[in-house]
Structures are given as structure tokens and as C-alpha cells.
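Asks: below are the sequence and a predicted model; questions follow.
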Amino acid sequence: MKISFRWRVTIAYVGLLIVAMGGLGWFLSNYFYQSYLDTVRTQLFSEARLLANQAAPLMADTASYPRLTGLAANEASQLNERITVILPDGKVIYDSASNAAQMENHSDRPEFQKALQGQEDSEIRLSATLNIREFYAAAPIFSGSQIIGVFRLAVSLQQIDDQMAAIRQTILAAVSGAILAAILLALALSSYTTQPLRRLTENVVNFGKGKKPVSTFSPRNDEVGQLEQAFNEMSAQLKTRIDELQKERGTLTAVLANMTDGILIVDQQGNVQLINHAARRMFKVNETEALSHSLIEVVRNHQVAGLWRKCQATGAQQSSTLETSPDRLLVQGIATPLQQSLPGSILLVFQDLTRVRRLEMVRRDFVSNVSHELRTPLASLKALTETLMEGALEDPPAARRFLTRMEGEIDNLTQMVQELLELSRIESGKVPLERRSISPLELLTPAIERMQLQAERAGLNLSLECREDLPPVNADPTRIEQVLVNLLHNAIKFTPPGGKITVSAYTEDSNVIIYVKDTGVGIAPGALPRIFERFYKADRARSGGGTGLGLSIARHLVEAHGGRIWAESMVNQGSTFFFSIPLA
């Protein structure tokens, strides 16, 4: 039998709809049934929990059992549910649907066993007492932390099945109505959809018979015209979508290329699918060596591979702190599974914490050094104060000597606080530089004159050897004088009597190099790189009462001028401190 295209479309559509609606009806029926069971379970648990709390005081004493059974009987009649009260040994002391004395021991009931473990549980089974299928829910009765019994509620499944039968009939009626409406709609739609094809077929047949084709012009487009229009629209949409994707890809590429954090995407097999510039720089690898290669080949770090494996095994975000080689960078690695966008793939983000950790070490060292420097004068002041209070005040010469020493310690503390404040202002940029063009000789002379007397008292020869024809520099004379005074003060302190200190300058490239050279005790090679750190003292045994901040202040002032400061030294032969100032 010949079946037209219209009826084939209609039959296929209706058949598919019947299968879909039948499946939906079956699903809804089971869904509502399960939902109803869940609702009953929740209701029974809630009621059992409430009754267990009310029954707890009555279960503690056998004399209160009549009140307990009265409570259970009253609730059973109000809730229209079966209520059973069971002791921990399985003995039933009350059942609203049967004589408790004639009931068998319930210690083997699954819901009872779960309740004795402190857990609420539900079961569906045939009741051995009533010989009907029931839905059970049990809850433990607590007295403090001890379980003294079990409250069990039950509902007949026949009641649930009756209610579900009514719901299924409603669903069946709705599905049947929907299928009938869909059949009528399918007939109308198929007729409307195939009308241009039928007209075209009729024209082709008439043309084959030599008849004049019927005009096919209509307000609607035919299928060919609609297909062409749909294709053109689809092409335009695809082009727009491709342009948007290219734009998004360009944005993503720019972001990944300029991120300071390293980014890798690793697929389920452990091969690298994407790596940005920061990650390539961090792990010393190029893009060709990374893409489609295994993660361990790319990063050459077992900790990173372990982080990836742990994230893959758990399916949850993982993080770890690790160290790369050969640069020994401290890196925070974060592995995140890309469940929705790229199933099975994992995003690895590496944040360089090296600078943060170094800053943290500097902060700890600073706190430790401040504490150390403050502890000595404070301990000295404490000892002097206690000595005065213990009777030294009665001895005027001794008291005056102690007070003089206390004044010296207070001066040391004051100097330390002033230098710390000065260093803080310099580091924060709150000390503006009043620069002007000045000759190096004019820049050095005030500091030499200021420290000349102190050098003579120490038995040292302080000399200035600077040519007058050196080009001028752009500097703040007051701040450079402060730098020179700090350097000269150290030179005087560590140069034995009879030694020599020389201050001079020369030009190099676009800078004037100023140096202070002494014939003192020198600095050990191991200490030389750290002498410009705050509170660092190369030889604490011979450092006197200094705070260890002078060279740090000098370094910051020189760097604020755009120069740099460094030192050269040989033990027992002397030291030379250099710093550069840009030419005007």
C-alpha cells in the first residue's frame, strides 16, 4: 500500500510522541510514587523523632510505662498510624495494632538495629504481625547519650498504593489528552508543511501530462526558498559566531600572554594542551616542547605531577607549595578540575611567591633585629634602676654614675628611634629631595669639616682629595652630607689610631663616583654582601653603640638620587665605600 509523505511524517511524529508521552507518564508515575514515599518517610521520621523526645523521660522508669503507652495510643489514633515502642533488647512494650505481649522479639528488625546504633532508618516489608506490607520508620529514644528504646511508626502500603492509583489515573488521562491533541496538531502541521510540496508535485505531474502548471505563487515561500533563506541565515549566524569566537580567543590569548601567573591545562591522559608565557618562563620550556607532551616531561617536577594526580583522583581543587628548578622559585600550585567546560582536564595555576616569601623573611628579620637591639639597652636600664632602688641612691657618687649610664642608654634608644623614623620616611618617599646642580668638591667639603675634629680625637688623618674641575652633579647637598657623615663615622670607629681616611671622587660614564677609603680593620668577605641591611653589624663585638641603621639609610638616600652604593674590603687592610651620583 502506498503511503503518502504527509502520512509518513504524521505517523512518525505521532509514534515518537506516543513513545515520549508514554515514557514521560511512566517517569512521572514513578517520580510521584518515589516523591510520595520520600514525603511519607520524612513525615514518619519527624513524628517518630518528636515522639521519641516526648517518650524519653517516661522510658527511664518502668513505673511510667502506663503513661508512655497512653501517649503512644493517643498519638496513634490522632495520626492514624501504627506505633510500636521497643526496648533495647527487642521486647515490644506497646503496639497500637496488636497485643504487645503476644508479639515476637523485634531485635532482628533492620530498622530497629539501625536505631540502636543511633541512626534513623526506614524499611518496606511484609509485617509478620499483621501480614500486610507496611512502611516502617524507627527513631532511637535517648536518655543523655544512652539509647533506652526505639519508637517505630508504620503506615500500610495499601493506603499509599490507593492514593498513587488515583494519581496514575490522573497522569494517564492527561497524557492521553495530550497525545490526542498532538495527533490533531500533527495532522494540521503536516498538511500545512507539505502543501507546497504537494502543489509542486501536482505541477510536475501536470507538466508531464502536457498540462499548464498551476501558478505556485503564494504569500509563503516554498520549501526550496525557505531552505535557501534558512541556509543564508545560518551562514550569517555562523560567521557572526566565528567572529565572536576569534575575538574571544584573541582576548584570552592576550590575557594568558600577559599574566604573571603560570597557566597549564592538562588533559585526562596527562598531556599538556595549553601553556602560557609565564609558565614557559617558570619551567624553562618552549611551546613546541610543551604542547601534547606529558606533564612530567614539561615541568620536570614530581611535586607538580603529584598535585595533578591528586586532583584527578579526588575531583576537587588541590593546592600545594613547591620549589622549581633550577631557579629555585617558591611557587604556589593550584589544580582545579574543569568538569563542565573540559571534562577530564585539569587547570594548573602557578603563583610565584618568591618575592612575597623574601619580603616575609625581611619582615621577620626586621622584627627580630629590632627586638634584639632594644633588649640590650632596656635590660641595662632595668638593672641600673633596680640597683638604684636597692640602695645606690644613698651613695651620691654611685647614683650619679648610674644615672649617667642610664642617660647614655636612653640616648642610644632615642638615636635608634630617630634613625628608624628617618629610614621609614626615606623608604616611603616622604622625604623630598631638594636637588640642585653642585660641584663634587662643594658637596664633600661640609662633611669633611664636620667630622675633622672627631677624626683628630681618634688619632686619625682625615683628608679630602678631590679635583676642582669635576663636572657638577644633581644632588641634595644635605642628604649627601648625611650619607658621607655615616660613612666617615664608620671609618673613624673601625680605624685604629694612626690610621688614614681619604675622601675623593672621580667621573665614570654619566656619574660621579665618591668614595671613602680607610686603613681600618676591614670586613670579612662573608659579611660584605649584607652590610647595607638594617641592623646588620659585621662585627658585633667591635661595633660599639651603633644601631646598624646608618649604612641602610645611606643606601636608600643614594638610591633615591638614582645612584648605587657598594663596598670593597680586605680584613686588617681597610675598606672602601663607593657611591655614585648622576651628573647634572
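Replies: It's in.
Asks: show me the shaky parts of the stretch 101-250 of the chain.
Replies: Along the stretch 101-250 of the chain, the parts satisfying pLDDT under 70 run over 190-236, 238-239.
Asks: repeat the analysis, applying 80 as the threshold.
Replies: Counting by pLDDT under 80, the stretch 101-250 of the chain shows low-confidence ranges at 127-130, 157-168, 171, 175, 178-179, 181-240, 242.
Asks: what about the helices in it?
Replies: Assigned by DSSP state H, counting those that start in this stretch, the stretch 101-250 of the chain shows helices spanning 110-116, 157-208, 223-258.
Asks: what about the helices in this structure?
Replies: Taking DSSP state H, the helices of the chain run over residues 5-59, 65-79, 110-116, 157-208, 223-258, 277-283, 287-290, 295-299, 302-314, 354-389, 396-427, 440-457, 477-493, 550-560.
Asks: among these, which is nearest L583?
Replies: helix 440-457 (9.9 Å; Cβ to Cβ). Where C-beta positions appear, they are placed from N, C-alpha and C, glycine not excepted.
Asks: how about residues contacting the closest one?
Replies: 461-462, 464, 466-468, 470, 472-473, 475, 477, 480-481, 484-485, 488-489, 492, 501, 503, 505, 512, 514, 581 (Cβ atoms under 8 Å, 6 or more residues apart in numbering).
Asks: so what's V155 up against?
Replies: 40, 44, 81-82, 134-135.
Asks: just flag the most distant two among these.
Replies: Farthest pair in the contacts of V155, by Cβ to Cβ: V40 and R82, 12.9 Å.
Asks: for stretch 511-531, buried residues please.
Replies: 511-523, 528, 531 (16 or more other Cβ atoms under 10 Å).
Asks: tell me the two of those that are most distant?
Replies: Largest separation among these by Cβ to Cβ: N511 and V521, giving 29.3 Å.
Asks: which residues touch stretch 110-130?
Replies: Under the contact criterion Cβ under 8 Å, 6+ apart, stretch 110-130 has outside partners 41, 44-45, 48-49, 86, 88, 90, 95, 97-98, 103-104, 106-107, 109, 132-140, 147, 150, 152, 154, 157.
Asks: pull out the buried residues from these.
Replies: Looks like these have 41, 44-45, 48-49, 86, 88, 90, 95, 97, 103, 106, 109, 134-140, 147, 150, 152, 154, 157 buried, using 16+ other Cβ under 10 Å.
Asks: from S380, how far off is T404?
Replies: 12 Å (Cβ to Cβ, to the nearest Å).
Asks: neighbour count: these two, which is higher?
Replies: Taking other Cβ atoms under 10 Å, T404 and S380 do not tie; S380 has more neighbours (15 against 10).
Asks: that one contacts E409, doesn't it?
Replies: Yes - S380 is within contact range of E409, at 5.1 Å (criterion: Cβ atoms under 8 Å).
Asks: re the thing from before, quick one, which of the contacts of helix 440-457 are buried?
Replies: 462, 464, 466, 470, 472-473, 475, 477, 480-481, 484-485, 488, 492, 501, 503, 505, 512, 514, 581.
Asks: what is the burial count for M282?
Replies: M282 is flanked by 21 other residues according to other Cβ under 10 Å.
Asks: likewise for L322?
Replies: Number of residues near L322 (other Cβ under 10 Å) recorded here: 17.
Asks: I figured it hits V331, correct?
Replies: Yes - contact criterion Cβ under 8 Å: L322 and V331 qualify, at 5.6 Å.
Asks: and the contacts of stretch 272-288?
Replies: Residues contacting stretch 272-288 (Cβ under 8 Å, 6+ apart): 256-267, 290-295, 298-301, 324, 326-327, 329, 331, 345, 350, 352.
Asks: need the buried ones from these selected in ChimeraX.
Replies: Selection of buried members from the contacts of stretch 272-288 for ChimeraX, criterion 16+ other Cβ under 10 Å:
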select :256,261,262,263,264,265,266,267,290,295,298,299,301,324,329,331,345,350,352
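Asks: under the pLDDT cut-off, which ranges of the stretch 301-450 of the chain? List them.
Replies: Looking at the stretch 301-450 of the chain by pLDDT under 80, you get 322-330, 339-341, 353-381, 383-384, 386-400, 402, 405-433.
Asks: what's the neighbour count on V304?
Replies: Using other Cβ under 10 Å, V304 has 24 other residues around it.
Asks: the one 4 residues further on too?
Replies: W308 is surrounded by 21 other residues when neighbours are defined as other Cβ under 10 Å.
Asks: isn't it up against S345?
Replies: No - counting by Cβ under 8 Å, W308 does not reach S345; the two are 10.6 Å apart.
Asks: hey, what's in contact with both of those two?
Replies: With Cβ under 8 Å, 6+ apart as the test, W308 and S345 both reach V266.
Asks: ok, G498 to L464 distance?
Replies: Separation of G498 from L464 (Cβ to Cβ): 19 Å.
Asks: same check, this time on P446
Replies: 11 Å.
Asks: which neighbours do these two share?
Replies: Residues touching both P446 and L464 by Cβ under 8 Å, 6+ apart: none at all.
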